[in-house]
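Peer 1: Provided below for reference: sequence and predicted model.
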Amino acid sequence: MTIFRTRLVMALITLISFVLVGLGILLGELLKSFYIESMSDGLKMKIIWGIALFLVIAVVVIIFLGIRITSKFTKPVVEATDVAIELAKGNYRARTNVNGLDKTGMLGKSLNRLAQNLQELAKSQEMQQEQLKVLIENMGAGLVLIDSKGYINLINKGFIDIFQVSQADYLNKLYYEVIDQEEIRDLVTEVFRLEQKVSKQLLIPLLIERRYFVVYGVPIIGTNHVWKGVLLVFHDITEIKKLEQMRKDFVANVSHELKTPITSIKGFTETLLDGAMNNQETLESFLSIILKESERLQSLIQDLLDLSKIEQQGFKLNIQKIDLFKLLEDVITLLQGKAEEKNISLELLCPEEQVQIHGDVDRLKQVFINLIGNAITYTPSNGNVGVILLEQGETVRVHVKDTGIGIKKEEIPRIFERFYRVDRARSRNSGGTGLGLAIVKHLIEAHHGQISVISTPGEGSEFIIELKK
């Protein structure tokens, strides 16, 4: 555009120059015809120089006016053209400096207003796209977008994390070539066939585990019923399924644990009422069993109430300053008789005679009664149970070590589950409810502590509790 403007100015100046020169020649001929012949030579030269000077001035004026006219009318058009070209390229920050009340000024203002509107629209669109991207990537569910031809156009971070895949393996590939799970392929095919929303609950094996998903297949239909593709949404419900199974197991276990002592109490009571109560020895034996089963039933109900209370969201500990060494001494004194019945050596080892921590004295006593009581229960006669208390900087550690039956390695992760027993027969004979270690774990975590287990079958177990001072 600049070259065109320069050429236009040069052409205009040349044309005007030719016109002026022609007029000068014509004027000279006229003067020559009428006046020059009667003039003196000096006067002739003056006239000639006057005409030449006039022509030069005229040319200068014409050039000046041409440049001004060109600047006034062609420069704004050039600037407007340059801005329009930048806008077409997507540079919405481009602006023209053309001002005024004439048509070129209005053109400049209109272009600037258009550029500003386009910039705001682009910014709004960019913000919306960014929000949509953040939403898609962090929606907590797997997302797959398949176009009308069956090619995968989009997978989000949720899908990548769930199935441990990369975008390069999926994008712009046919869904039935890259999706390994037949159930998912069938679901997509069903959506394409029915053109309706389809949802299924699928159990999908992933690496070393199986996970449950609710998968939604949604048809994407545009205006005028134009088929756009299919959207797949994966909701992981594995934890919900686990909780549901835990609830079922809990109800089944509670029912079984309650049924056993109630059945025993009912059976022995009926036998006594049928006449066995007349035999003093039988009466005492049966009443002893009924008492034992009643105590077991009471213990189970108490443990269930404790566990329910501990798991409540509003559960709070009564935190105070306590002497952990003194607390362990009290627990060992309480359980000493139980250990002596089996001729088990029960002792407390601690380099210090006073270890101060902050905790709930009643709940910590409940923890150590459970742990030390279990150690005595699962240790054969003439065995050893040791409780070791150690201070380590800002933490204290309590080791409860026995020479009992031990726990298999694969069973260690399950011993803190409700009603799980390593030795079911021995637990039932000892009156255990199967809830003790579950309560222990919850109480230690409520104190922001940790509990771990080291065990070897046939050699014994060691429970290690770490608490902050």
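Peer 2: All right, it came through fine. Note that the coordinates shown come from a computational prediction; the quantities given were computed from them, not determined experimentally. Numbering: from 1, shown residues only.
Peer 1: which SSE is Asn343 in?
Peer 2: Using DSSP states H and E, Asn343 is not contained in any helix or strand.
Peer 1: Off-centre distance for the longest strand along the chain?
Peer 2: Longest strand in the chain, counting residues (DSSP state E): strand 209-221. Strand 209-221 sits 19 Å away from the centroid of its parent chain (CA atoms, centre = their mean, to the nearest Å).
Peer 1: Then stretch 257-270?
Peer 2: Offset of stretch 257-270 from its chain centre (CA atoms, centre = their mean): 51 Å.
Peer 1: rounded to a whole number, what's the mean pLDDT of that stretch?
Peer 2: The predicted model assigns stretch 257-270 a mean pLDDT of 83.
Peer 1: And the strands in the stretch 51-200 of the chain?
Peer 2: For the stretch 51-200 of the chain, the strands defined by DSSP state E, counting those that start in this stretch cover 142-147, 152-155, 198-206.
Peer 1: mind giving me the domain ranges of this structure?
Peer 2: Under automatic domain parsing, the residue ranges defining each domain of the chain are 2-116, 140-236, 248-311, 320-468.
Peer 1: among those domains, which is nearest Gln131?
Peer 2: domain 140-236 (14.3 Å; CB to CB). Placement of C-beta: from N, CA and C, glycine included.
Peer 1: What's the end-to-end length of that closest one?
Peer 2: One end of domain 140-236 to the other measures 9 Å (CA to CA, to the nearest Å).
Peer 1: in the stretch 251-400 of the chain, what spans have low per-residue confidence?
Peer 2: In the predicted model, the stretch 251-400 of the chain carries pLDDT under 70 at residues 313-314.
Peer 1: which residues in it form strands?
Peer 2: Ranges of strands in the stretch 251-400 of the chain, per DSSP E, counting those that start in this stretch, are 320-323, 345-349, 356-359, 384-392, 395-402.
Peer 1: Would you tell me which one of those strands is buried the most?
Peer 2: strand 395-402 (a mean of 20; mean count of other CB atoms under 10 Å).
Peer 1: still on that earlier bit, relative to Thr223, which of the strands of the stretch 51-200 of the chain is closest?
Peer 2: Nearest to Thr223, of all these, is strand 142-147, at 16.6 Å by CB to CB.
Peer 1: which helices and strands does the closest one pack with?
Peer 2: If you count contacts as 3 or more CB pairs under 8 Å, 6 or more residues apart in numbering; DSSP states H and E, strand 142-147 packs onto strand 152-155, helix 157-163, strand 227-236.
Peer 1: And the ones you listed, which one averages the lowest pLDDT?
Peer 2: Looking at those, the bottom one is helix 157-163 with a mean of 87.
Peer 1: can you list contacts of that one?
Peer 2: Residues from elsewhere that reach helix 157-163 (CB atoms under 8 Å, 6 or more residues apart in numbering): 137-144, 165-167, 206, 211, 234, 236.
Peer 1: Quick one: which of the residues you listed is the most crowded by neighbours?
Peer 2: Across the contacts of helix 157-163, neighbour numbers were computed from other CB atoms under 10 Å; Val144 holds the maximum, 24 neighbours.
Peer 1: Any stretches of the stretch 1-150 of the chain with poor pLDDT?
Peer 2: Residues of the stretch 1-150 of the chain that meet the criterion pLDDT under 70 lie in 1-44, 46-48, 50-51, 55, 65-66, 68-75, 98-104.
Peer 1: What segments of it are helices?
Peer 2: 2-34, 41-89, 103-137 (DSSP state H, counting those that start in this stretch).
Peer 1: re the thing from before, quick one: which of the domains of the chain is nearest Lys242?
Peer 2: Lys242 lies closest, by CB to CB, to one member of those: domain 140-236, at 8.8 Å.
Peer 1: The closest one: how far from the chain's middle?
Peer 2: Domain 140-236 sits 20 Å away from the centroid of its parent chain (CA atoms, centre = their mean).
Peer 1: now do stretch 448-466
Peer 2: 34 Å.
Peer 1: Same check on stretch 363-383?
Peer 2: The chain centre lies 42 Å from the centre of stretch 363-383; the measure is CA atoms, centre = their mean.
Peer 1: for that stretch, which positions count as buried?
Peer 2: Neighbour-count burial for stretch 363-383 flags 363-379, 383 (criterion: 16 or more other CB atoms under 10 Å).
Peer 1: cool, stretch 205-219 as well?
Peer 2: By neighbour count on 16+ other CB under 10 Å, the buried set for stretch 205-219 is 211-213, 215-217, 219.
Peer 1: Mind telling me the two of these farthest from one another?
Peer 2: Arg211 and Pro219 (25.7 Å).
Peer 1: Can you report how many residues neighbour Leu328?
Peer 2: 22.
Peer 1: Next up, the contacts around it.
Peer 2: Counting by CB under 8 Å, 6+ apart, Leu328 makes contact with 348, 350, 368, 387, 389, 398.
Peer 1: and the two most separated of those residues?
Peer 2: Cys350 and Phe368 (13.3 Å).
Peer 1: is it true that Gly404 lies in a strand?
Peer 2: No - under DSSP: H, G, I helix; E, B strand; the rest coil, Gly404 falls outside any strand and is assigned coil.
Peer 1: That one contacts Asn382, doesn't it?
Peer 2: No - Gly404 lies out of contact with Asn382 (CB atoms under 8 Å); the separation is 11.9 Å.
Peer 1: give me every residue that touches the closest residue to Gly458 other than its chain neighbours.
Peer 2: Spatially, and ignoring its direct neighbours in sequence, Gly458 is nearest to Gly406 (5.5 Å; CB to CB, 6 or more residues apart in numbering). Counting by CB under 8 Å, 6+ apart, Gly406 touches 455-461.
Peer 1: Dihedrals phi and psi, Leu435?
Peer 2: Main-chain dihedrals, Leu435, degrees, to the nearest 10: phi -110, psi -10.
Peer 1: Please tell me how far it sits from Pro380.
Peer 2: For Leu435, the distance to Pro380 (CB to CB, to the nearest Å) stands at 24 Å.
Peer 1: hey, where'd the helices end up in the stretch 301-450 of the chain?
Peer 2: Using DSSP H, counting those that start in this stretch, helices in the stretch 301-450 of the chain cover 324-341, 361-377, 424-430, 436-446.
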